[in-house]
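Chemist: When you get a sec, could you give me coordinates for this:
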Amino acid sequence: MPRIRSSLIALLLIAAAAPAIAATPSTSKGQISVAQVMEMLDRAGTDKQAGQLLYAYLGGVGESAGVLLNATDAKGKPYVTCSKPMGLDAGLVRDVLTNGAPNNKSWGETAATPLLVNALVSLAGCR
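Modeler: Next up, the predicted model:
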């Protein structure tokens, strides 16, 4: 019985860690790469887990960018103002990453997040 319990616990830990392993940063500097995001984009339509990882990643990017853009100084004055709301969709993400890193041979070492945040800020007309 203890052996079955140990095996079950190990299996549950592996299953719980699988999404985290799939979302492990893939550049040598510990960043999510363009290659990894493009792979998630390609797989999202047919692989539920890839779709969930993609939406979680993009949601995190958007939420983090939103927090930064909504930051204020001690007097409550915003550091940044934007003329439009931020938003991303799969087509825009693919375009931003393809145009931001045109050499697909370097995608594995090109960080995706800075490209996406820059696009969010630019498209929202932030200054």
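
Chemist: Helix, strand, or coil at the residue most central in space within the chain?
Modeler: Central residue of the chain (C-alpha atoms, centre = their mean): residue 57, 3.1 Å from the mean position. At residue 57, secondary structure determined by DSSP: H, G, I helix; E, B strand; the rest coil is helix.

Chemist: Please read off the pLDDT at it from the model.
Modeler: In this model, residue 57 is scored at 94, pLDDT.

Chemist: I figured it hits residue 37, correct?
Modeler: Yes. With contact defined as C-beta atoms under 8 Å, residue 57 and residue 37 form a contacting pair (7.0 Å). Heads up, the C-betas are built off the backbone N, CA and C, glycines and all.

Chemist: From residue 121, how far out is residue 42?
Modeler: 26 Å (C-beta to C-beta, to the nearest Å).

Chemist: out of these two, which sits in the busier spot?
Modeler: residue 121 (17 against 13; other C-beta atoms under 10 Å).

Chemist: For the more buried one, give me its contacts.
Modeler: 65, 69, 80, 82, 86 (C-beta atoms under 8 Å, 6 or more residues apart in numbering).

Chemist: what are the ranges of the strands in this protein?
Modeler: Counting by DSSP state E, the chain has no strands to list.

Chemist: Mind jotting down where the helices sit in it?
Modeler: Assigned by DSSP state H, the helices in the chain fall at 2-22, 34-43, 48-69, 90-100, 112-123.
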